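Enquirer: can't give you the sequence, but here's the structure:
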């Protein structure tokens with residue numbers, strides 16, 4: 001008996017050691033890192049730049065300067081919301097001196113990583129959503145073909161700005177002149193990630209022009225110098241939201257807690273009593289789901305609560321759409337209406353009426369309302385990634 005217990009303890013110790021080793025090696029690369037081969041990394045972007053005669057280096061936000069020294073040709077900040085106001089002003093100053101500053105998202109947009117990182121398989125396997133240049137006013141992009149915007153949403157084009165891949169009012173690429181340079185804003189940094197840089201290549205067809213767009217914007221001349229700004233949030237940045245406290249713990253602390261938990265479980269197993277087979281008890285009768293739904297529906301019908309039923313359906317759809325489209329809780333309804341109308345190809349007034357019409361419908365109209373809301377759900381969510 002003692003030999004059996006010793007073997008169990010030895011096996012548990014070996015398992016803990018292996019778990020520590022594997023966990024230490026499983027530290028994920030930072031998102032949008034030029035040295036990362038992960039689907040969300042920018043390793044392919046680095047190789048693309050260097051193969052075409054450019055040089056690419058990385059810099060922490062605090063290392064950016066606007067002094068009298070030389071400035072790089074292009075500066076890429078994949079997550080501008082993680083920069084402090086002072087660091088964003090430094091970027092504007094570099095643009096004013098002649099640099100091309102590229103932002104992965106509009107600086108007013110929320111940090112996309114607060115709503116969860118896209119899974120590797122989802123990034124790699126999601127079908128491309130090609131978009132043509134349209135009425136492109138950015139000269140170096142005007143002759144390119146379609147790009148993939150599977151995970152992006154169009155952004156507003158300010159007055160006087162140039163745009164491409166969209167309409168004159170909303171586009172996926174927007175360029176604004178600042179002094180001697182410019183600031184180019186992408187709809188989403190995923191456009192240039194490893195998994196999406198050439199999204200149609202794996203299908204055996206002609207690759208889309210995400211990579212060509214990156215080269216045109218990052219390398220304005222032969223031998224251009226490109227600097228990629230790190231994505232670690234700076235003190236004073238606009239990043240907000242709730243993060244799991246476990247993510248903030250250093251790796252050694254996580255491993256110590258894990259080993260402690262394993263030791264406690266082993267001790268409980270060692271001291272636990274085994275008194276035989278558990279005694280079963282008869283469970284209460286359960287009502288099937290279909291009977292419960294029928295009973296609740298019949299109750300609403302008899303009480304004439306059509307308005308309450310409609311409000312419940314609308315609130316449930318708004319909550320689901322906000323979660324899937326990456327809209328933070330508490331955002332104005334108009335933000336959701338604009339996103340849904342763009343994704344579903346419907347007029348804003350129609351979407352607004354379906355999602356937030358305060359007038360109570362008649363009982364006989366509930367079925368039609370439910371069908372319309374379900375149609376909106378299918379049109380918008382079937383092609384959207386889970387965030």
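Expert: That came through, no problem. Remember, predicted model here, so these are calculated numbers, not experimental data. Residues are numbered from 1 along each chain as shown.

Enquirer: With adjacent residues omitted, what lies nearest to residue 356?
Expert: The shortest distance from residue 356 to any non-neighbouring residue, by C-beta to C-beta, 6 or more residues apart in numbering, is to residue 333 (5.3 Å). For the C-beta atoms, the positions are set from N, CA and C on the backbone; glycine is no exception.

Enquirer: which residues touch the one you found?
Expert: Residue 333 makes contact with 318, 352, 355, 356, according to C-beta atoms under 8 Å, 6 or more residues apart in numbering.

Enquirer: count of neighbours near the second one?
Expert: Residue 352 is surrounded by 17 other residues when neighbours are defined as other C-beta atoms under 10 Å.

Enquirer: Name the strands paired with the longest strand along the chain and say parallel or antiparallel.
Expert: If you go by DSSP state E, the chain has its longest strand at strand 170-178. Neighbouring strands of strand 170-178 in its sheet, by DSSP bridges, are strand 155-156 (antiparallel), strand 162-166 (antiparallel), strand 181-186 (antiparallel).

Enquirer: looking at these, which has the lowest confidence?
Expert: Here the lowest mean pLDDT among those goes to strand 155-156, at a mean of 92.

Enquirer: how distant is that one from the center of its chain?
Expert: Averaging C-alpha positions (C-alpha atoms, centre = their mean, to the nearest Å) puts strand 155-156 17 Å from its chain's average.

Enquirer: ranges for the helices of the stretch 101-250 of the chain?
Expert: Applying DSSP state H, counting those that start in this stretch to the stretch 101-250 of the chain gives helices spanning 120-125, 210-218, 245-248.

Enquirer: Tell me which of those helices sits most buried.
Expert: Most buried of those by mean neighbour count (mean count of other C-beta atoms under 10 Å) is helix 210-218; its value is a mean of 21.

Enquirer: Quickly note the distance from residue 149 to residue 63.
Expert: Distance from residue 149 to residue 63, counting by C-beta to C-beta, to the nearest Å: 32 Å.

Enquirer: quick one: which of those two has more around it?
Expert: A direct count of neighbours by other C-beta under 10 Å for residue 149 and residue 63 places residue 149 higher, at 25 against 12.

Enquirer: so the more buried one sits right up against residue 187, yeah?
Expert: Yes: using C-beta atoms under 8 Å, residue 149 is in contact with residue 187, at 6.6 Å.

Enquirer: For residue 375, find the nearest of the helices of the stretch 101-250 of the chain.
Expert: Closest to residue 375 of the helices of the stretch 101-250 of the chain is helix 120-125 (C-beta to C-beta; 24.6 Å).

Enquirer: my read is residue 376 is in a helix, agree?
Expert: Yes: read with DSSP: H, G, I helix; E, B strand; the rest coil, residue 376 is one of the residues of a helix.

Enquirer: List only buried entries from the contacts of residue 333.
Expert: 318, 352, 355 (16 or more other C-beta atoms under 10 Å).

Enquirer: Name the helix or strand for the first one, please.
Expert: Meaning residue 318. helix 306-325 (DSSP states H and E).

Enquirer: And that helix, what's buried?
Expert: By neighbour count on 16+ other C-beta under 10 Å, the buried set for helix 306-325 is 306, 309-311, 313-314, 317-318, 321-325.
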